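> when you get a sec, could you give me coordinates for this:
(one chain, ligands or ions: 1)
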Amino acid sequence: MPADNTRGNNTCLVTGGAGFIGSAISGALADAFDNVVAVDNLHPQVHATTDRPDSLDGRVRLVVADVAEAQTWDELLSEVAPDVVVHLAAETGTGQSLSESTRHSRVNVVGTTQMLDAFHRTGKLPRRIVLTSSRAVYGEGAWRRDGELFYPGPRSRSMLERGVWDFHDSSPTAMDASLVEPRPASVYAATKLAQEQLLTLWADAHGVQPAIVRLQNVYGPGQSLNNPYTGIVSLFCRIAKRGDSIPLYEDGEVRRDFVLIDDVASAVVAATLSDEVWEHPLDIGSGEVQTIATAAAVIAERYGAPEPHVTGQFRHGDVRHAWADVARARQVLGWSPRYDLRAGIDRLGAWIDEQLD
Ligand SMILES: NC(=O)c1ccc[n+]([C@@H]2O[C@H](COP(=O)([O-])OP(=O)(O)OC[C@H]3O[C@@H](n4cnc5c(N)ncnc54)[C@H](O)[C@@H]3O)[C@@H](O)[C@H]2O)c1
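Numbers count the residues shown, from 1 in each chain. So this is what the prediction gives:
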């Protein structure tokens, strides 16, 4: 690892900093800190090449290394003393995590504990650690029946095979960590919840500020077009761009909160620069909820593609509805989402056209 002069306490360390969210926050962090160091192994499922991504701000020093290896941390912390850490590095394939649980656990769980152990071992405790958790930790979330909240748990295979998509006589509720308990429904989700719990317990014992945000479905320019396991909005754009009709799973009425990367970046930067500490993770979304049929229709219209079609197919482990109540994030961070779906899809579409044409 080359020597550098990133000492002092005005250093921000970003794990997974060369990825989608890491690149999007890199400019604002480089404006706010004297030194920004990204540690990222340029995972081949995410990065088409091992070249430094153009989208990563030129002022950021990139260290290519694996967060799950103790040696990475010993080498890094021998020359860097971060004031604030933004922990983004993760394996993010929700469906994939059910068949590759060791891989997901190694990076997400062991990667987090290796980092925390190294801070303790070297005595270089950061002031604050920001963690981007996921709406996946809620699983199907909480539903309401006769005025009462209940947790229906995962939908059974027999329910899905019969085309019974929703829970009987009940309605879903917005995700708000102060009201809705986590109920992970995938290995990925379990590892994200483990990250939250490990960080909270460790930070409390070491006097470090934890700052946890739970992100809904992030999309936008810069999202890997290489990774087949993430990014439904960019997948829909590519299908429509080919002139094909977008296939809609279940009955097309699956609800999601698609939040543009610009709004996620401003939330993560606000969480990084804030001095506030909050008890429950803050939920970050677009402030609106869409059915996938609506999102697909907006995308098809943009590309002049045929209307989307419902296939009735389903994927075991997909949750039916997910959207955030962003009221606490607005209040604590003084942040607001600014882009609606149409504006976001225009930005994503223009970027995809530029990449693929
Ligand atoms: N994008 C979303 O919709 C979304 C939603 C909720 C939560 N999140 C969380 O936000 C974080 C960032 O997600 P993203 O969308 O930028 O994903 P991404 O895949 O674009 O970025 C993750 C980065 O981590 C790196 N990485 C993976 N394994 C590593 C390892 N062992 N060592 C070092 N680096 C490693 C990858 O190379 C990549 O650059 C993740 O923790 C993810 O769980 C993302």
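> quick check: which element contains Arg330?
helix 327-333 (DSSP states H and E).
> what of Leu62?
strand 61-64.
> partners of that strand, with directions?
strand 35-40 (parallel) (DSSP bridges).
> and the partner strand, what's buried?
Asn35, Val36, Val37, Ala38, Val39, Asp40 (16 or more other Cβ atoms under 10 Å). Heads up, the C-betas are built off the backbone N, CA and C, glycines and all.
> show me which of those residues neighbour the ligand.
Asp40 (Cβ under 6 Å from any ligand atom).
> quick check: the farthest pair among the buried residues of strand 35-40?
Asn35 and Asp40 (16.1 Å; Cβ to Cβ).
> which phi and psi values does whatever residue of the chain ends up closest to the ligand adopt?
Residue nearest to the ligand within the chain (Cβ to the nearest ligand atom): Gly19, separated by 2.1 Å. Main-chain dihedrals, Gly19, degrees, to the nearest 10: phi -80, psi -160.
> and the gap between Ser158 and Val310?
For Ser158, the distance to Val310 equals 21 Å [Cβ to Cβ, to the nearest Å].
> which one's more surrounded, these two?
Between Ser158 and Val310, counted using other Cβ atoms under 10 Å, the more crowded position is Val310 (15 against 8).
> my read is that the more buried one contacts Ile246, right?
No. Using Cβ atoms under 8 Å, Val310 is not in contact with Ile246, being 10.2 Å away.
> what do the two both touch?
Counting by Cβ atoms under 8 Å, 6 or more residues apart in numbering, Val310 and Ile246 have no contacts in common.
> give me the neighbour count for the nearest residue in space to Asp176 that is not next to it in sequence.
The shortest distance from Asp176 to any non-neighbouring residue, by Cβ to Cβ, 6 or more residues apart in numbering, is to Asp325 (4.1 Å). Residues lying near Asp325 (other Cβ under 10 Å) number 19.
> repeat for the one 5 residues further on
By the other Cβ under 10 Å criterion, the neighbourhood of Arg330 contains 15 residues.
> do the one 3 residues further on as well
Residue neighbour count, defined by other Cβ under 10 Å, stands at 23 for Leu333.
> could I get the full set of helices for the stretch 1-150 of the chain?
20-32, 70-77, 101-105, 111-122 (DSSP state H, counting those that start in this stretch).
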